[in-house]
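# this one's structure only:
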Ligand code: AMP
């Protein structure tokens with residue numbers, strides 16, 4: 001039996017000397033190097049007791065070596081388990097206990113602490129420069145490796161969900177979940193070996209790890225690999241790139257950069273955004289400044305990518321486009337599961353080869369989030385419009401129920417965002433003794449704008465039904481966001497929990 005994912009990668013590799021990863025500090029890895037380095041690391045993994053099916057938990061800074069470790073795990077039949085670099089030892093204790101890895105790879109500074117909670121797992125190190133005990137061990141290993149047999153349904157990775165409601169769950173992703181989705185995206189976004197992807201995303205999350213790197217690998221393209229997002233560094237590299245994948249915050253920050261012009265982006269063919277909603281204003285400002293319409297797509301840890309605006313057709317701001325080829329999407333009544341028609345708001349459900357195999361050691365949660373006909377309940381509320389474009393109106397858990405009425409935060413946010421002097425907003429429900437929840441708006445005002453909370457509230461009066469109007473408006477300098485640029489509404493709900501008490 002072949003190795004489903006790595007055989008596909010190998011079958012599409014360009015000539016060994018072709019560039020795969022270019023690091024701005026000068027280091028470069030060709031496709032031939034990537035094959036040899038991942039072979040050496042695969043040998044080192046096996047030497048460090050990793051058997052097929054074992055989990056390899058990885059909490060390291062972004063480096064080309066870290067990416068080679070991902071490929072090595074795939075080749076060795078291990079399950080790659082990347083962890084957010086922000087997690088503390090207390091949080092790691094939960095992940096290690098839950099995943100029971102055979103090996104933990106971490107930054108040298110954390111090796112001692114992790115050793116104490118490793119529960120018998122081996123511990124190896126890998127630092128931000130891509131060096132450490134794992135790489136030292138790999139250096140003396142052969143540059144060829146007989147890949148371990150893995151079928152389409154075997155696990156390639158477990159990615160823990162961000163866990164804003166309750167404990168993080170491990171999403172089990174198979175070789176074919178990753179392979180099929182990347183193949184679809186290469187085609188849909190027209191990636192070729194001439195592409196150079198500007199890669200400034202973290203690689204512990206599905207966006208930078210699977211969307212970014214697997215699409216590059218399966219098209220024989222190359223990437224400019226930045227350790228993290230930095231607007232100056234991105235602008236400096238833009239003339240050498242053809243595509244960029246970013247979270248909305250990247251685009252907002254780049255719009256603040258004086259160097260962002262048509263000329264500076266003339267070499268680019270495609271800008272892609274996802275992981276959080278891209279404001280329609282950002283989309284328009286970007287088009288005006290650069291002449292490029294950002295392509296917004298929608299995915300999640302559990303499903304890889306589900307929908308995308310078209311490469312050739314109209315990229316509609318505020319929408320996440322059409323279901324990808326092979327992916328079915330529908331909107332259902334959250335209570336009854338009954339399918340709804342075009343333009344009706346409900347729960348977004350998806351089905352396809354991209355959808356994960358379930359939550360690690362959590363059959364109850366898995367069963368609760370799949371319909372009997374195999375559709376996965378995403379937890380996102382939205383609608384499919386008459387033209388087939390999918391719109392996301394927020395997470396189901398962010399739906400506000402006030403006095404028995406449903407309020408979709410996005411609808412209120414869109415009205416607020418349209419007011420002159422407003423940059424963006426987050427609308428949340430706060431506990432209220434009469435209404436159950438009270439609609440509350442947290443608004444970021446443009447620099448220099450004089451708009452105040454009372455004026456914002458007054459401006460909404462004619463625009464929204466009374467029950468949708470915020471009962472309280474807070475004006476702030478910025479919204480709390482996680483590393484993927486998602487607004488942390490749970491943090492806002494905690495911060496303002498006192499408001500109606
Ligand atoms: P994660 O599992 O961390 O990738 O988060 C997935 C969630 O991010 C989805 O369920 C959506 O709520 C949100 N998301 C991803 N892409 C988009 C997008 N383009 N627009 C709005 N929300 C998005």
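Great, that's in hand. The structure displayed is predicted, hence computed values, not measured ones.
# which helices and strands sit right next to the helix or strand harbouring residue 428?
Using DSSP states H and E, the element containing residue 428 is strand 422-432. Judged by 3 or more Cβ pairs under 8 Å, 6 or more residues apart in numbering; DSSP states H and E, strand 422-432 is in contact with strand 400-402, helix 409-417, strand 436-445, helix 489-495. Placement of C-beta: from N, CA and C, glycine included.
# possible to save those as a markdown table with distance to residue 55 and mean pLDDT?
Below are the helices and strands packed on strand 422-432 laid out as a markdown table (distance: least, Cβ to Cβ, whole Å; pLDDT from 0 to 100):
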| stretch | distance to residue 55 | mean pLDDT |
| --- | --- | --- |
| strand 400-402 | 39 | 93 |
| helix 409-417 | 36 | 94 |
| strand 436-445 | 39 | 96 |
| helix 489-495 | 28 | 95 |
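# which residue does the stretch 301-450 of the chain bring closest to the ligand?
residue 301 (3.4 Å; Cβ to the nearest ligand atom).
# same check, this time on the stretch 51-200 of the chain
residue 162 (5.0 Å).
# what residues does the lowest-mean-pLDDT helix or strand in the chain touch?
Ranked by mean pLDDT, DSSP states H and E, the weakest helix or strand in the chain is strand 405-407, scoring a mean of 90. For strand 405-407, the external contacting residues (Cβ atoms under 8 Å, 6 or more residues apart in numbering) are 399-401, 427, 429, 439, 467-468.
# Next, work out how far apart residue 48 and the ligand are.
The spacing between residue 48 and the ligand, counted by Cβ to the nearest ligand atom, to the nearest Å, is 30 Å.
# Can you tell me the closest non-neighbouring residue to that residue?
residue 122 (4.9 Å; Cβ to Cβ, 6 or more residues apart in numbering).
# still on that earlier bit, and the helices and strands packed on strand 422-432 as CSV, adding mean neighbour count and distance to the ligand?
Below are the helices and strands packed on strand 422-432 laid out as CSV (neighbours: other Cβ atoms under 10 Å; distance: least, Cβ to the nearest ligand atom, whole Å):
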stretch, mean neighbour count, distance to the ligand
strand 400-402, 18, 16
helix 409-417, 21, 9
strand 436-445, 22, 18
helix 489-495, 17, 11
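# one step back: okay, now the residue of the stretch 301-450 of the chain closest to the ligand: neighbour count?
22 (other Cβ atoms under 10 Å).
# and what of the one 5 residues further on?
Here the neighbour count serves as a burial measure; for residue 306 (other Cβ under 10 Å) it reads 29.
# And what about it, helix, strand or coil?
Judged by DSSP: H, G, I helix; E, B strand; the rest coil, the three-state class of residue 306 is strand.
# Could you list everything the closest residue to it other than its chain neighbours pairs with in the sheet?
Spatial nearest neighbour of residue 306, chain neighbours left out: residue 350 (4.9 Å); criterion: Cβ to Cβ, 6+ apart. Beta-bridge pairing for residue 350 (DSSP bridges): residue 329, residue 376.
# For residue 350, give me its contacts.
Counting by Cβ under 8 Å, 6+ apart, residue 350 touches 303, 306, 323, 327-329, 375-376, 378.
# at 7 Å what do you get?
Residue 350 makes contact with 303, 306, 327-329, 375-376, 378 under the criterion Cβ atoms under 7 Å, 6 or more residues apart in numbering.
# Now tabulate those residues in JSON lines and tack on distance to the ligand and pLDDT.
Formatted as JSON lines, the contacts of residue 350 follow (distance: Cβ to the nearest ligand atom, whole Å; pLDDT from 0 to 100):
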{"residue": "303", "distance to the ligand": "8", "pLDDT": "98"}
{"residue": "306", "distance to the ligand": "9", "pLDDT": "98"}
{"residue": "327", "distance to the ligand": "14", "pLDDT": "98"}
{"residue": "328", "distance to the ligand": "17", "pLDDT": "98"}
{"residue": "329", "distance to the ligand": "12", "pLDDT": "98"}
{"residue": "375", "distance to the ligand": "15", "pLDDT": "98"}
{"residue": "376", "distance to the ligand": "11", "pLDDT": "98"}
{"residue": "378", "distance to the ligand": "6", "pLDDT": "97"}
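# Show me how to select, in ChimeraX, the buried members of those residues.
To isolate the buried ones among the contacts of residue 350 in ChimeraX, judged by 16 or more other Cβ atoms under 10 Å, type:
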select :303,306,327,329,375,376,378
